[in-house]
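*Asks:* Take this sequence and fold it.
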Amino acid sequence: MNLEIRKFEEDVVSLYNSSNAPAEAKRLVLLEILHKAEIASQNALQIELSKIKESEVANSEQSV
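*Replies:* This next block holds a predicted model:
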């Protein structure tokens, strides 16, 4: 997993550096990507937490 993360980072940096877009445009695009990634991460976390809570409720109901 760590190697995959490192490879992903290197790929993103390589793509960024290979772009002929102005630096400000690249910065704005990266900010937008980060914003979308944060939203997706928060949504994934909420789904995971909901599943854990549902599992806890189901387990507590089985104990009764």
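
*Asks:* can you tell me the helix or strand for the residue nearest to Ser19 when sequence neighbours are not counted?
*Replies:* Nearest non-adjacent residue to Ser19, counting by Cβ to Cβ, 6 or more residues apart in numbering: Lys26, 5.9 Å away. C-beta: built from backbone N, CA, C; applies to glycine. Assigned by DSSP states H and E, Lys26 belongs to helix 23-63.

*Asks:* average pLDDT for that helix?
*Replies:* Regarding helix 23-63, the rounded mean pLDDT is 93.

*Asks:* what's the distance between that helix and the middle of its chain?
*Replies:* Its chain's average C-alpha position is 7 Å from that of helix 23-63, according to Cα atoms, centre = their mean, to the nearest Å.

*Asks:* Can you spell out which helices and strands pack onto it?
*Replies:* Here helix 23-63 touches no other helix or strand, going by 3 or more Cβ pairs under 8 Å, 6 or more residues apart in numbering; DSSP states H and E.

*Asks:* was I right about the residue nearest to Ser19 contacting Ser18?
*Replies:* No - the pair Lys26 / Ser18 is not scored as a contact, 10.6 Å apart, by Cβ atoms under 8 Å.

*Asks:* Between the two, point out the one with more neighbours.
*Replies:* Set side by side, Lys26 and Ser18 show more neighbours around Lys26, with 15 against 7, by other Cβ atoms under 10 Å.

*Asks:* do you know how far the nearest residue to Ala21 once chain neighbours are set aside is from His35?
*Replies:* Once flanking residues are discounted, Ala21 sits nearest to Val29: 7.5 Å by Cβ to Cβ, 6+ apart. As judged by Cβ to Cβ, to the nearest Å, Val29 and His35 stand 11 Å apart.

*Asks:* Give me the more crowded residue out of the two.
*Replies:* Shown here are Val29 and His35; by other Cβ under 10 Å, Val29 has more neighbours (13 against 10).

*Asks:* I'd like to know how far that one sits from Leu45.
*Replies:* Distance from Val29 to Leu45, counting by Cβ to Cβ: 25 Å.

*Asks:* for Ile5, same thing?
*Replies:* In this view, Ile5 and Leu45 are 18 Å apart by Cβ to Cβ.
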